[in-house]
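*Asks:* Give me coordinates for this.
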Amino acid sequence: PRRVRVMVGKVLALVVAVFTSAVALQAILGLTLWPVAVLRGTTEGVDATWLAETTVVVARGALIAALAATLGFSIASVARNTTTALVIGFVYFAVAEGLLRGFRPKWQPWLIGDNAAAFVTADPDSIFMVQGHGMLASLLVVAAYAVGLTALATMWFRARDVT
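*Replies:* Here you go, the predicted structure:
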């Protein structure tokens, strides 16, 4: 009976950790590059508007990273093996999505990678923009995959590990 709570706790901890880590890494990168820009480059155009836009992009990227981590966690939970999740993720993103995009172009609005890129870039003129999807719709597609796969993994975990 506690299996569902255990899984929900694990997923929430993962989402918070990945989101926080992604934001922290971007902040560290920005602080590391700032002295170089001041001493060797330029900081022209860096103002409150730039900071607000950059913060929003970082938050969108961190959210997609958290959702992708949830997908990987769900696969690893079912397979009971992190390596299996990494291999499945690599094969899906490096091979399967490209093949699907080429052979079934009408499926593009449902591909995880395209929707993730469309959400992070949020540029309607970007090559990553999914046909017929706005930024919010792209986020909802990725979130639906993450929630759906997590629900399946939770059901699997509950059925498999109850004695």
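*Asks:* Any idea which residue is closest to the centre of the protein?
*Replies:* Nearest to the geometric centre of the chain sits I64, at 2.5 Å (C-alpha atoms, centre = their mean).
*Asks:* and the nearest residue to A68 once chain neighbours are set aside, what helix or strand is that in?
*Replies:* The shortest distance from A68 to any non-neighbouring residue, by C-beta to C-beta, 6 or more residues apart in numbering, is to A116 (7.1 Å). From N, CA and C alone the C-beta is placed, and that goes for glycine too. Taking DSSP states H and E as the criterion, A116 maps to helix 112-121.
*Asks:* and that helix, average pLDDT?
*Replies:* In this model, helix 112-121 has a mean pLDDT of 89.
*Asks:* List the contacts of the residue nearest to A68.
*Replies:* I64, L67, A68, S138, V142 (C-beta atoms under 8 Å, 6 or more residues apart in numbering).
*Asks:* Following element in sequence after the longest helix seen in the chain, please.
*Replies:* Scanning the chain for the helix with the most residues, using DSSP state H, yields helix 3-40. Per DSSP H and E, helix 3-40 leads on to helix 48-79 as the next helix or strand towards the C-terminus.
*Asks:* Give me the buried positions along that following helix.
*Replies:* Neighbour-count burial for helix 48-79 flags 58, 60-78 (criterion: 16 or more other C-beta atoms under 10 Å).
*Asks:* helices or strands up against that helix?
*Replies:* helix 3-40, helix 82-90, helix 112-121, helix 135-161 (3 or more C-beta pairs under 8 Å, 6 or more residues apart in numbering; DSSP states H and E).
*Asks:* I am finished for the moment; much appreciated.
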